[in-house]
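Novice: coords below, sequence missing:
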């Protein structure tokens, strides 16, 4: 598996860009999974559904299966948040994993930047950022800048700069 991330401030358009890039990458014959970091409490259960009831009742894990999909919800119940690397190990093998968030990790990343947010660029302080997808030219950038609407070129970059998971995981496990 190869991995690459999209990093940027909240509201920069990471999810929207992924929704446009994934179909283009899949059309190239690659299998794709995504891993998203949430900074807040989130819920994939629907109140009133049995799985939600089971979890609220105290189940640590709730697995729901059907003819179309299965989903596992694991409630941490006070345990520490799993690392990016621990979560990646839970994924089934695919050609490419696109990671949204985890902007402080050292995997290769595409920065998604919108000037209107008024936030600073991440790339000067993160050598793992390989390029920036931006909504305006960034003459101060020292790495390639791609127009945020050039989704085909962005898909090319994501595929080209994705790194093998094993190469990135090895140094982390040696710490």
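Specialist: Sure, I can see it. Because the structure is a prediction, the values reported are computed rather than measured.
Novice: in three-state terms, how would residue 64 be classified?
Specialist: Per DSSP: H, G, I helix; E, B strand; the rest coil, the secondary structure class of residue 64 is strand.
Novice: against residue 89, how distant is it?
Specialist: Here the distance between residue 64 and residue 89 works out to 22 Å (CB to CB, to the nearest Å). Bear in mind the C-beta positions are built from the backbone N, C-alpha and C, glycine included.
Novice: just residue 26 next, same as before
Specialist: Note on residue 26: its distance to residue 89, by CB to CB, is 23 Å.
Novice: likewise for residue 163?
Specialist: Applying CB to CB, the value for residue 163 to residue 89 is 16 Å.
Novice: what's near enough to touch residue 32?
Specialist: Remark: with contacts taken as CB atoms under 8 Å, 6 or more residues apart in numbering, residue 32 is in contact with 22, 25-26, 94-98.
Novice: max pairwise distance over these: which two?
Specialist: Pairwise distances across the contacts of residue 32 peak at 13.2 Å for 26 and 97 (criterion: CB to CB).
Novice: quick one: which of those two has more around it?
Specialist: Here residue 26 and residue 97 are set side by side on neighbour count (other CB atoms under 10 Å), and the busier one is residue 97, at 22 against 14.
Novice: next up, identify which helix or strand that one is on.
Specialist: Following DSSP states H and E, one finds residue 97 within strand 96-100.
Novice: now the angle from whichever helix or strand comes after that strand to strand 96-100?
Specialist: Note on strand 96-100: by DSSP H and E, the next helix or strand toward the C-terminus is strand 109-113. With axes from the mean of the first three to the mean of the last three CA atoms, to 10 degrees defining the directions, strand 109-113 sits at 40 degrees from strand 96-100.
Novice: what are the pairing partners of the helix or strand just after strand 109-113, and which direction each?
Specialist: The C-terminal neighbour of strand 109-113 among helices and strands, as given by DSSP H and E, is strand 129-134. Paired strands of strand 129-134, with direction, are strand 109-113 (parallel), strand 145-147 (parallel) (DSSP bridges).
Novice: what's strand 129-134 in contact with?
Specialist: 4, 7, 17, 108-115, 121-123, 138, 141, 143-148, 150, 154, 157, 161.
Novice: go with 7 Å
Specialist: Contacts made with strand 129-134 from outside it, assessed by CB atoms under 7 Å, 6 or more residues apart in numbering, are listed as 7, 17, 108-113, 122-123, 138, 141, 143-146, 148, 154, 157, 161.
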